[in-house]
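S.K.: Sharing a sequence plus its predicted fold:
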Amino acid sequence: MKKKITSRDLLIIQAVVIVYTFASVLGKIAAGRAAGGFFLIYCLQIAVLGIYALLWQQVIRRFELSVAYVNRAAALAWSLLWSVLIFGEQITVQKLAGAAFVIFGTWVVNSGSGQAGPPGGRTSGAADGSGGGEGDKNAV
């Protein structure tokens, strides 16, 4: 069930990953609040995680699991971006190199996901080559 991954597909997966990373941002914001503010932001974080769970189920239903989870690794790069833009954290060479390594790995997996057909060339039937169809049950 290999499917050619398009740019649109990658954008969809990354949009879901961005939703996931916002939950982490909310967690960091909640950690710096007093009890009342913490509870409100924490509830918002739980809501975002619920939305993410529903979206992620659609992603893993639509795409191969290996492609979906490799793209989820890009959450590291998105989190690095949010740490700089929202929290004013500094980017080090090590952080940048790590994020580049993850993005490169994601690109490698995505570029090889357009091969057609299952491994071994079989398209249907039992592993022993008998076909495994309904008509075979009654064969004498």
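M.R.: Thanks, I have the structure now. Numbering: from 1, shown residues only.
S.K.: and the next element down the chain from the longest helix anywhere in the chain?
M.R.: Secondary structure assigned by DSSP state H gives helix 35-62 as the longest helix of the chain. Counting by DSSP states H and E, the next helix or strand C-terminal to helix 35-62 is helix 65-72.
S.K.: Dump that next one to PDB, restricted to CA.
M.R.: Extracted in PDB, the C-alpha atoms of helix 65-72 (Å, rounded to 0.1, in the frame of the first residue of the first chain):
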ATOM      1  CA  LEU A  65       3.200   4.300   9.500                       C
ATOM      2  CA  SER A  66       6.900   4.600   8.700                       C
ATOM      3  CA  VAL A  67       6.300   7.800   6.700                       C
ATOM      4  CA  ALA A  68       4.000   9.300   9.300                       C
ATOM      5  CA  TYR A  69       6.300   8.700  12.200                       C
ATOM      6  CA  VAL A  70       9.400   9.900  10.400                       C
ATOM      7  CA  ASN A  71       7.600  13.200   9.600                       C
ATOM      8  CA  ARG A  72       6.600  13.400  13.200                       C
END
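S.K.: Would you mark the buried spots in that helix?
M.R.: By 16 or more other CB atoms under 10 Å, the buried positions in helix 65-72 come out as 67-68, 70-72. Heads up, the C-betas are built off the backbone N, CA and C, glycines and all.
S.K.: can you list the residues that contact it?
M.R.: Outside helix 65-72, the residues that touch it by CB atoms under 8 Å, 6 or more residues apart in numbering are 5, 10, 13-14, 17, 20, 59-60, 105-106, 109-110, 113.
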